[in-house]
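A.B. asks: here's a sequence, model it:
(5 chains, ligands or ions: 4)
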Amino acid sequence: MIDPDLISVGITLKLATITTLVLFVLATPLTWWIARTTHISRYLLEPIVALPIVLPPTVLGFYLLLLFSPNNEFGQLWATIFGRPLAFSFEALVIGSVIYSLPFYVQPLQVAFENVRQELLDAAATLGAGPIDRFITIVCPLSRRGFIVAATLAFAHTVGEFGIVLMIGGNIPDETRVLSIALFDHVETLQYQRAHLLAAGLLTFSFITLFLVYFSNRTRQSPPFRRGIE
Amino acid sequence: MIDPDLISVGITLKLATITTLVLFVLATPLTWWIARTTHISRYLLEPIVALPIVLPPTVLGFYLLLLFSPNNEFGQLWATIFGRPLAFSFEALVIGSVIYSLPFYVQPLQVAFENVRQELLDAAATLGAGPIDRFITIVCPLSRRGFIVAATLAFAHTVGEFGIVLMIGGNIPDETRVLSIALFDHVETLQYQRAHLLAAGLLTFSFITLFLVYFSNRTRQSPPFRRGIE
Amino acid sequence: MAISADIKLERLSGFSLDVSLTIPNNGITGLYGPSGSGKSTLLRLLAGLERGGPSDSVVIRSDEDTWQNESQFTPAEQRGVGFVFQRQQLFPHLDVQENLQFAIRRQHTQDSTDAGQVYEWLNIAPLLRKQVDQLSGGEAQRVAIARVLLNGARCILFDEPLGSIDRSARSKILPYLERLHRNLQIPMIYVSHSLDEITYLADTLYVLDAGRVTLNGSMLELSASLELNAAEGETASAVIACRVARHDQQYGLCELDFEGAPVFVNAQLYAPGEQVRVRIIARDVSIATTKPASTSILNIIEARIAAIELDTGPAALVRLERKGQCFLARITRKSLDTLNLVIGQTVFAQIKSIALLTDIIP
Amino acid sequence: MAISADIKLERLSGFSLDVSLTIPNNGITGLYGPSGSGKSTLLRLLAGLERGGPSDSVVIRSDEDTWQNESQFTPAEQRGVGFVFQRQQLFPHLDVQENLQFAIRRQHTQDSTDAGQVYEWLNIAPLLRKQVDQLSGGEAQRVAIARVLLNGARCILFDEPLGSIDRSARSKILPYLERLHRNLQIPMIYVSHSLDEITYLADTLYVLDAGRVTLNGSMLELSASLELNAAEGETASAVIACRVARHDQQYGLCELDFEGAPVFVNAQLYAPGEQVRVRIIARDVSIATTKPASTSILNIIEARIAAIELDTGPAALVRLERKGQCFLARITRKSLDTLNLVIGQTVFAQIKSIALLTDIIP
Amino acid sequence: SDTLQIAVAANFRPTLLRVITALERQSPHRYKIIAGSTGTLYAQIVNGAPYDVFLAADDARPRLLEEARLIEPGSRRTYAVGQLALWWPGSKGALSRDSLVNLRGTLAIANPDIAPYGRAAMEVISSSGAHDYRLITGVNVAQVYHFIASGNANAGFVALSLIRDAAPANNTFWVVDQNLYSAIEQQSVILKSSQLATDFDRFLRNETTWKLLAKDGYHVPGNPAGGVSE
Ligand SMILES: Nc1ncnc2c1ncn2[C@@H]1O[C@H](COP(=O)(O)OP(=O)(O)OP(=O)(O)O)[C@@H](O)[C@H]1O
Ligand SMILES: Nc1ncnc2c1ncn2[C@@H]1O[C@H](COP(=O)(O)OP(=O)(O)OP(=O)(O)O)[C@@H](O)[C@H]1O
Ligand SMILES: [Mg+2]
Ligand SMILES: [Mg+2]
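C.D. replies: Numbers count the residues shown, from 1 in each chain, chains lettered A, B, ... in the order given. Ligands and ions are numbered 1, 2, ... in the order given. Sure thing, here's the model as predicted:
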């Protein structure tokens, strides 16, 4: 039989990957809009994006639980459409993680987007690149560091998160029992050896992954003779 | 008698403010170093900074607890120097929050720092500005958005964080019982009315603060006729 | 594609632009004016990179379409207008080749320039594999020009394209641009601080000052205008039209016919019988009252003094006319008096043939 | 502060720089060469903005200090070297005034330039309150120059400072720079594509090609060298030294004495008896074998043909000598043959006085 | 010191508050309550938490503390015996163990590894023959309560004390027979002996407290005869 901790690892990686992908797809355009618009609604949206983090995860999870409930219209609608209730499903975890990681994705990316010089977009436009073309071929590559940081923060944060997951996931083995819960359980049940092992494994894995990500995406190193000042 | 929740609010604001200040003082130079160095140690340091978030807060808190414990050399040393044990003190909360919020501070700031053009630093150097002068007068103002995002994320995250705080702070009323724990307790003890009230208050306050921060720090708006393409 | 524009725009900084202009279907339109006169702003509006504020009135039409009026705005990428920027804007995440490919993949029209030619004239080949931040100032500017040329635009705006390009590269690029616009039959606008370059290239001229058009018309007509040239001092010049008479193989010269008088230039690009334009710099022209002999000056043209404009300094600008065509001579007031020159008098203009050599407009 | 440098540097891209040079204590050193020849790289090394790789050898000394050798490196901010960059680098978070203040607060030396003067010559006043991104190309360049001048550097490097500055502003700034270096007695290096500007300003010249110094020496000596000028074509020129003889108030002219022959120029800045240098553009000089009369050309100088260099094209460059001083004439080969010119022959050089007017080096 | 720091398992906190209120009527001293999960509190105590008295939710952790000689010798006592209740808001008819067979949907229990109520619930379920349900677990009974109250879980085992206040309709819950699961003994220990601690310990075992315990749904701990010790 597979070690249940390994199953948790699998679920966690799946959750973090899907969360990051969902953020990539949904939050990237949102961020671009926030970064570039001069419309005032931007100043309302910016704080709203950041709000999830001021709530303790468990509390946020609690409110999500209320939202997902079949007593609630949203929960009902979901159940009608997908044939099963939202709460305690993997989908619920994804929704919760996406909401909670949103600011960690949006904000660094926004900094990167705001640093893309308008002149380059002007040049691209006169060369015949439309808005989407410009976004994909100019803005995204120039914001590569921003994407990496955004994705790293969102991914890592989802791996480490557990308050929300605990609330809306229901800790179902093989489905919603993620690594962080397993780790927490080990600590709570005084299985310190297992906890240490799991934590050490998690840290080592994360370190190696992050190292590879950062190292392979380092900014093209200036040749040594350019290093005049800092 | 003062409502204990209000006391928690006070402790939370104090903790978040101090955490952000500590990060500002300690992590800003670290970030600048990471952003500019071409030394390989950078690629080791970058992942290390990000590591704290992959651990569930409670688990991280657990390890910090072990570290701070008087059973441990570090904890002992601290107790000898400062005359009182580290664990379950406000200082312990600050240390925990700083460690946990470190990546949220460092990473967005790093994106901003990396976007400061070397040419401008070259120009400043030939005008007679030394490294610290350049950092303060060129790099920092040009990275203003990065600072705002970094400080916002760190502050908000400290407000919302509770796993670590619970573990190393011990939820002691008037001392280490922060808002997030109070809110968590209200939910746990089924005091939904109080929880709703506190959550709504927290969200409103945060929204207004964030709105003011973002709005007053908006990038100088381009005059309307510049808005040719996004 | 002809373009007409009618623009009234006010900047918060106090600068205002108030111009009407028509860019003819083909030919190069020169835009000249002092720093801060609004040249770049005008180009940005034409390209669709700015649209003006709500209180401004910007109407721009191409012959197919209305690009901009109160209710309408065609975005830059749909106008097919190429733009060589004053501060070149290469994409830093792409190397030189990728920058050029970016333009090639998005060609506005198919009947485009020959890439091989562009590479050769701008000497791009040795740069292809370089990163953009490793280019020298002049190299970057050449790549920026190449990028626009390869983009197959239906109209090209040049905003001081040759600012950081050295003389020898410049003398290769200029004739190429000239030929290019002939072959492609597309309108170009050329902004420059150098009246030299503009006189060389432009068929039509707009002079801008403080956001207003102070002078405009055909280059040929304007070139001999004292008004334009008085302010030019040393670089005052005029353009005349000539017919190619014959080639002198031995000395590598070409004899032109200027209203019956022979004029020698050093280019042999055009066949006898063709019409060419020649630029004569006023300071290259001296005046003699008797026909000079035994001098190295080959071109001696009989002409009539049509006008004299005194400088505030010691110089005078003399407008000389030969059968309806005009050119200028810049001489000292002292000579004017010594030789007793008056309007209507017939004199001999000596033009150093060498001075004409590279200034031929083919 | 004199600076000497000995540099061997190799870039990954294949470009290598191998130069030794000495920048004299005062005077302007011109740096001239085609695009990509390493001019900007050299300036960056001198300023301390690059330091070379481990396999490169860079030794730079000022007369007080060693700035760089294998074991030592003085950072840029301690060298007191001002740098006007080719692509101007104003601080975007500061407005124009704050950019200038940044420089003023960090003055390297106290005995600095007069701020009022700088503002006036560069016409800075109307720009003070503007944001940097609202400046036109030329305006930004003027601010960048002002910023360096106000910084009180002990040595200033100009990397094509006038690239995007229009002619009339340029004719104000150039004489100002000339005067400035005289007053401040600080060395300056001036990079330009325009041999015109360089000949105007420089006392010493270095010509760079592909990272090597191909020519160097005093401007006065080099100016008449056929070697340098042959490649220059239309802009070949030479510099001669003259004595101010008298002023002609009526015509605003100044009569100079060039080895016994009178030469007229339009500036009256110098008192009779002073030594001045005059630039003579080769294409302004024509040759006559008999003394010309009744012509608007005021300057007719008797000289001896010292050398003749045939062009590949139809032109020839003739070196004329008068009592040890040399200047050039660019004429056609056809004239050479027609007039039967040979080395050693005495001829009459006609120089249009107007051509000398703005070219006087005070 | 005249302040007593009482660490208490979260589920007992509401009852403890009532006890303290009663106690404060006759004592001038202050009582600080630190609520948390038993596992967390245990880890904190081992690492030097400044608690005077510890009221655990089980007997395992107090025993471990005793073995580690971290408590006042002989102070480990059972202060309350928890009662398990099955709460099934949508049930029809009277509930019993056998009705679990009819349960379709989600059944929530506390994590049996961590919480004694969860372990007890597990015993009931495995002997009930129920098969067609989806089991989800929360960290503690409070979460189980949220799951059910919010309508996301169909039924669940909670502490009787929790639903006392909520007072659900009569037929929707069932107090599980005590002989169906091994007793949930909640034990207390004195960590730092003082007069105050001894007084509190004694008060925990007097008549007033027992009445409060009984009212909140706890069995009074007793000798085998069910009487009152002491
Ligand atoms: N974004 C802007 N906002 C406000 N004013 C601007 C802006 N851009 C330019 N200006 C001002 O508008 C005027 C015209 O600028 P423009 O760039 O069109 O001049 P230009 O003719 O191209 O000059 P140059 O030859 O120096 O490039 C200048 O006074 C300039 O300061
Ligand atoms: N950072 C760099 N890395 C590698 N090669 C570079 C770098 N910067 C410049 N080069 C190359 O070095 C050579 C010299 O460049 P440099 O900028 O010194 O030329 P330059 O003489 O200033 O030319 P220009 O007149 O066009 O400004 C060029 O071939 C250029 O492509
Ligand atoms: Mg411009
Ligand atoms: Mg350069």
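A.B. asks: going by C-alpha atoms from here, please, whenever you check contacts or count neighbours.
C.D. replies: Will do.
A.B. asks: buried stuff in the lowest-mean-pLDDT helix or strand in chain E?
C.D. replies: In chain E, the helix or strand scored least confidently by mean pLDDT, DSSP states H and E is helix E:160-166, which has a mean of 79. Neighbour counts over helix E:160-166 (16 or more other C-alpha atoms under 10 Å in any protein chain shown) mark E:160-163 as buried.
A.B. asks: for those residues, which one is nearest B:T158?
C.D. replies: For those, the closest approach to B:T158 (C-alpha to C-alpha) belongs to E:L162, at 30.9 Å.
A.B. asks: could you see whether ligand 2 lies near the helix ranked longest in chain C?
C.D. replies: What stands out as the longest helix in chain C, according to DSSP state H, is helix C:167-184. No. Helix C:167-184 does not reach ligand 2 (C-alpha under 6 Å from any ligand atom); its nearest approach is 10.3 Å.
A.B. asks: which residues are contacting that helix?
C.D. replies: C:26-28, C:112-113, C:121-122, C:162, C:187-188, C:197, C:201, D:34, D:193-194 (C-alpha atoms under 8 Å, 6 or more residues apart in numbering or on different chains).
A.B. asks: could you redo the last one with a cut-off of 7 Å?
C.D. replies: Residues from elsewhere that reach helix C:167-184, judged by C-alpha atoms under 7 Å, 6 or more residues apart in numbering or on different chains: C:27, C:121-122, C:162, C:201, D:193.
A.B. asks: what comes up buried for that helix?
C.D. replies: Residues C:167, C:169-170, C:173-178, C:180-181, C:184 are the ones in helix C:167-184 that count as buried (16+ other C-alpha under 10 Å).
A.B. asks: thinking again about what came up before, between the contacts of helix C:167-184, which is closest to ligand 3?
C.D. replies: C:L162 (12.8 Å; C-alpha to the ion).
A.B. asks: what's the burial count for the residue in chain E that chain B sits nearest to?
C.D. replies: Residue nearest to chain B within chain E (C-alpha to the nearest C-alpha): E:N47, separated by 5.0 Å. By other C-alpha atoms under 10 Å in any protein chain shown, 22 other residues sit near E:N47.
A.B. asks: quick one, phi/psi of it?
C.D. replies: Note on E:N47: backbone dihedrals following degrees, to the nearest 10 are phi -100, psi 30.
A.B. asks: next: E:A56.
C.D. replies: Here the main-chain torsion angles of E:A56 (degrees, to the nearest 10) amount to phi -90, psi 170.
A.B. asks: other residues contacting stretch E:190-197?
C.D. replies: Contacts for stretch E:190-197 (C-alpha under 7 Å, 6+ apart): E:4, E:51-54, E:70-72, E:75.
A.B. asks: for whatever residue of the stretch 51-200 of chain C ends up closest to chain A, which non-adjacent residue is spatially closest?
C.D. replies: Across the stretch 51-200 of chain C, no residue is closer to chain A than C:E77, which sits at 4.1 Å (C-alpha to the nearest C-alpha). Closest residue to C:E77 apart from its sequence neighbours, by C-alpha to C-alpha, 6 or more residues apart in numbering or on different chains: A:G128 at 4.1 Å.
A.B. asks: any idea of the pLDDT on the one you found?
C.D. replies: Listed pLDDT for A:G128 reads 92.
A.B. asks: what's the answer for E:Y145, then?
C.D. replies: We have a pLDDT of 89 for E:Y145.
A.B. asks: still on that earlier bit, closest to chain D out of the buried residues of helix E:160-166?
C.D. replies: For the buried residues of helix E:160-166, the nearest to chain D is E:L162 (60.1 Å; C-alpha to the nearest C-alpha).
A.B. asks: and the strands in chain E?
C.D. replies: With DSSP state E, the ranges of strands along chain E come out as E:3-9, E:30-36, E:53-55, E:77-82, E:84-87, E:105-110, E:133-138, E:155-159, E:173-175, E:184-190.
A.B. asks: packing partners for the third one?
C.D. replies: For strand E:53-55, the helices and strands in contact under the criterion 3 or more C-alpha pairs under 7 Å, 6 or more residues apart in numbering or on different chains; DSSP states H and E are strand E:3-9, strand E:184-190.
A.B. asks: could those strands go into CSV alongside mean neighbour count and mean pLDDT?
C.D. replies: As requested, these are arranged in CSV below (neighbours: other C-alpha atoms under 10 Å in any protein chain shown; pLDDT from 0 to 100):
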stretch, mean neighbour count, mean pLDDT
strand E:3-9, 22, 91
strand E:184-190, 25, 93
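A.B. asks: out of the ones you listed, which gets nearest to C:R105?
C.D. replies: Nearest to C:R105 among the helices and strands packed on strand E:53-55 is strand E:3-9; the distance by C-alpha to C-alpha comes to 68.1 Å.
A.B. asks: before we move on, back to that, among the strands of chain E, which comes closest to D:D63?
C.D. replies: Per C-alpha to C-alpha, nearest to D:D63 of those: strand E:30-36, 74.0 Å.
A.B. asks: can you give me every residue that contacts C:R44?
C.D. replies: Contacts for C:R44 were tallied using C-alpha under 7 Å, 6+ apart; they are C:E50.
A.B. asks: could you report the neighbour count for C:K8?
C.D. replies: Other residues lying near C:K8 total 18 when counted by other C-alpha under 10 Å.
A.B. asks: returning to what we had before: chain center to the longest helix of chain C, what's the gap?
C.D. replies: Computed by C-alpha atoms, centre = their mean, to the nearest Å, the chain-centroid distance of helix C:167-184 equals 11 Å.
A.B. asks: for it, the averaged confidence score.
C.D. replies: Computed over helix C:167-184, the mean pLDDT rounds to 73.
A.B. asks: just the CA trace of that helix, in PDB.
C.D. replies: What follows is helix C:167-184, C-alpha atoms only, in PDB (Å, rounded to 0.1, in the frame of the first residue of the first chain):
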ATOM      1  CA  ARG C 167      28.800  60.400 -42.000                       C
ATOM      2  CA  SER C 168      29.900  57.500 -44.100                       C
ATOM      3  CA  ALA C 169      26.900  55.300 -43.100                       C
ATOM      4  CA  ARG C 170      24.700  58.300 -43.600                       C
ATOM      5  CA  SER C 171      25.800  58.800 -47.100                       C
ATOM      6  CA  LYS C 172      24.900  55.200 -47.900                       C
ATOM      7  CA  ILE C 173      21.500  55.300 -46.200                       C
ATOM      8  CA  LEU C 174      20.200  58.500 -47.500                       C
ATOM      9  CA  PRO C 175      20.300  57.600 -51.200                       C
ATOM     10  CA  TYR C 176      18.800  54.300 -50.300                       C
ATOM     11  CA  LEU C 177      15.900  56.000 -48.600                       C
ATOM     12  CA  GLU C 178      15.500  58.100 -51.700                       C
ATOM     13  CA  ARG C 179      15.400  55.200 -54.000                       C
ATOM     14  CA  LEU C 180      13.200  53.200 -51.700                       C
ATOM     15  CA  HIS C 181      10.400  55.800 -51.700                       C
ATOM     16  CA  ARG C 182      10.600  56.000 -55.500                       C
ATOM     17  CA  ASN C 183      10.200  52.200 -55.800                       C
ATOM     18  CA  LEU C 184       7.500  51.700 -53.200                       C
END
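A.B. asks: tell me what the following helix or strand past it is packed against?
C.D. replies: Once helix C:167-184 ends, the next helix or strand along the chain (criterion: DSSP states H and E) is strand C:187-191. If contacts are counted by 3+ C-alpha pairs under 7 Å, 6+ apart, strand C:187-191 sits against strand C:27-32, strand C:155-159.
A.B. asks: show me the helices in chain A, by range?
C.D. replies: Counting by DSSP H, the helices of chain A are A:4-36, A:41-50, A:57-68, A:73-82, A:90-114, A:118-126, A:131-134, A:140-142, A:144-160, A:163-169, A:179-188, A:192-216.
A.B. asks: nearest to chain E, out of these?
C.D. replies: helix A:179-188 (4.5 Å).
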